[in-house]
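Q: Fold the following for me, if possible:
(one chain, ligands or ions: 5)
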Amino acid sequence: MKFSGIVSGLALANAAAASCKPGQHPTTTVAGVEVIDTPIVRAAREFVEEYYKEYQPYLTEHLYRTWLFGAAAINNNATLKAQLDLEVHAVGSLLHDLGWDIKPHSPYVTAEYSFEIDSGRFAMEWIKNWTAINGGAEKWDELRLQKVNIGIMLQTFVGAQDFVFQDSYWITRSVGFEFPGPESELIGAENYDNIWKAYSNSTLFRGTNFTFTNMAVYKPAATYTTFIADFGKAYVSGYDNSENSLFALIQSGLEREVDLYPNVSFVQKIPPNNANPLE
Ligand SMILES: *[C@@H]1O[C@H](CO)[C@@H](O)[C@H](O)[C@H]1NC(C)=O
Ligand SMILES: *[C@@H]1O[C@H](CO)[C@@H](O)[C@H](O)[C@H]1NC(C)=O
Ligand SMILES: *[C@@H]1O[C@H](CO)[C@@H](O)[C@H](O)[C@H]1NC(C)=O
Ligand SMILES: *[C@@H]1O[C@H](CO)[C@@H](O)[C@H](O)[C@H]1NC(C)=O
Ligand SMILES: *[C@@H]1O[C@H](CO)[C@@H](O)[C@H](O)[C@H]1NC(C)=O
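A: Ligands and ions are numbered 1, 2, ... in the order given. The predicted model follows:
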């Protein structure tokens, strides 16, 4: 009895996961790319189309390109496509910059956390809010929510996505397609052309430059140990993380330690590889 209960529980869990496998969900075509077309994906699209209209229209285009570059790369690999949760990929890609918001009293921005952390946590909250109204909360268990969170949170932590859930990896990887660099052969020239034609990148970096500099103005403390500090130092008068960088924190620990233990000598013994663990 117990056993059959477990089996049917597993069958249910598999059915929920399978509902987002290719061939088992509706699709549509955007900029020549076949994409998943479920109610929550449609809602995320409507959100990014409406929400950024007035102040950050370049963000709508960035979020669409991110999703579509990723979807094109995934479509080009049938094995991969069959493995992924395309709804997690779509919603995570479309909501990956919630923390860039500049509207008054934004529900997506805090003074305490970096934009990557805010974007991830509020994407989870956005999904929960949506399912609370529209149903389907049981399909968004903690695992799927965290897959979205991790994929978003690691977007600027270069390399970190390589060892996380594959669904999270593909969110971060899709954001990476927006960074300057050579075109990825995973996507293909035709998809690049179609996506750039439909969603122009002509002001992305000027918008990014404003957004990052602005973060160093309105929440400097949350930027001191991040790359946003470079924008603060370059463009914001009075910005100073010299006492709050991780380097500064370690240096002050160092000074206190030497004061406290002046007679404990530290001699670093050097192994034959000259302390290079790669050799
Ligand atoms: C396609 O995806 C699978 C599964 O992730 C991967 O093992 C394989 O290397 C990919 N193939 C190509 C050509 O990238
Ligand atoms: C979720 O809904 C609550 C209640 O309406 C709201 O206060 C909050 O800002 C919403 N969060 C997100 C991320 O949309
Ligand atoms: C922006 O789009 C143009 C095509 O319109 C492309 O040539 C260029 O490489 C893109 N820039 C980046 C950073 O992807
Ligand atoms: C980048 O942002 C800074 C601060 O807003 C501004 O002074 C600078 O002109 C911007 N650069 C470009 C090319 O827009
Ligand atoms: C360190 O050693 C010196 C010389 O032996 C001694 O005078 C001093 O009290 C020691 N300091 C501490 C904190 O143990």
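Q: Please verify my assumption that A44 contacts H89.
A: No. Counting by C-beta atoms under 8 Å, A44 stays clear of H89, with 11.2 Å between them. Every residue, glycine included, has its C-beta placed from N, CA and C.
Q: When those two are compared, which one has more neighbours?
A: H89 (29 against 24; other C-beta atoms under 10 Å).
Q: helix or strand for the more buried one, which one?
A: Here H89 is covered by helix 86-94, with elements defined by DSSP states H and E.
Q: what does N274 give?
A: Going by DSSP H and E, N274 is not in any helix or strand.
Q: What count of nearby residues applies to it?
A: Using other C-beta under 10 Å, N274 has 7 neighbouring residues.
Q: again with D101
A: D101 sits with 21 neighbouring residues when counted by other C-beta under 10 Å.
Q: ok, it - contacts?
A: Neighbour list for D101: 51, 56, 108-109 [criterion: C-beta atoms under 8 Å, 6 or more residues apart in numbering].
Q: what about it, distance to L94?
A: The spacing between D101 and L94, counted by C-beta to C-beta, to the nearest Å, is 14 Å.
Q: before we move on, back to that, residues contacting the helix holding H89, please?
A: Here helix 86-94 has contacts from 20-22, 25, 35-36, 38, 40-41, 44-45, 47-48, 63-64, 66-67, 70-71, 74, 123, 127, 144, 147-148, 151-152, 167-168, 170-171, 174-175, using C-beta under 8 Å, 6+ apart.
Q: what about that helix, average pLDDT?
A: Averaging pLDDT along helix 86-94 yields 98.
Q: cool, stretch 265-279 as well?
A: Looking at stretch 265-279 alone, the average pLDDT works out to 96.
Q: Near ligand 2, which residues of the stretch 101-250 of the chain are found?
A: 107-108, 122, 125-126, 129 (C-beta under 6 Å from any ligand atom).
Q: Which two of those residues have the greatest separation?
A: Spatial extent of those (C-beta to C-beta) is set by the pair Y108 and N129 at 11.6 Å.
Q: Please name the nearest non-neighbouring residue to S184.
A: Leaving aside its sequence neighbours, S184 sits nearest to F177 (C-beta to C-beta, 6 or more residues apart in numbering; 6.1 Å).
Q: Any residues of the stretch 51-200 of the chain in contact with ligand 1? List them.
A: Counting by C-beta under 6 Å from any ligand atom, the residues of the stretch 51-200 of the chain close to ligand 1 are 77, 79-80, 83.
Q: Which of Y108 and N129 has more residues huddled nearby?
A: Neighbours were counted for Y108 and for N129 using other C-beta under 10 Å; Y108 has more, 20 against 12.
Q: pretty sure the more buried one is touching S119, no?
A: Yes. The pair Y108 / S119 is scored as a contact, 7.3 Å apart, by C-beta under 8 Å.
Q: shared neighbours, these two?
A: Common neighbours of Y108 and S119 (C-beta under 8 Å, 6+ apart) are 98-99.
Q: So which bits of the stretch 1-150 of the chain are right by ligand 3?
A: Proximity of the stretch 1-150 of the chain to ligand 3 (C-beta under 6 Å from any ligand atom) involves no residue at all.
Q: where in the stretch 1-150 of the chain is pLDDT low?
A: When residues are selected by pLDDT under 70, those of the stretch 1-150 of the chain lie in 1-23.
Q: got it, and the stretch 151-279 of the chain?
A: In the stretch 151-279 of the chain (pLDDT under 70), no residue qualifies.
Q: Would you state the helices of the stretch 1-150 of the chain in chain order?
A: For the stretch 1-150 of the chain, helices defined by DSSP state H, counting those that start in this stretch occupy the ranges 2-18, 39-51, 57-75, 78-83, 86-94, 115-134, 142-153.
Q: Using the neighbour-count criterion, name the buried positions in the third one.
A: Within helix 57-75, the residues that count as buried by 16 or more other C-beta atoms under 10 Å are 58-75.
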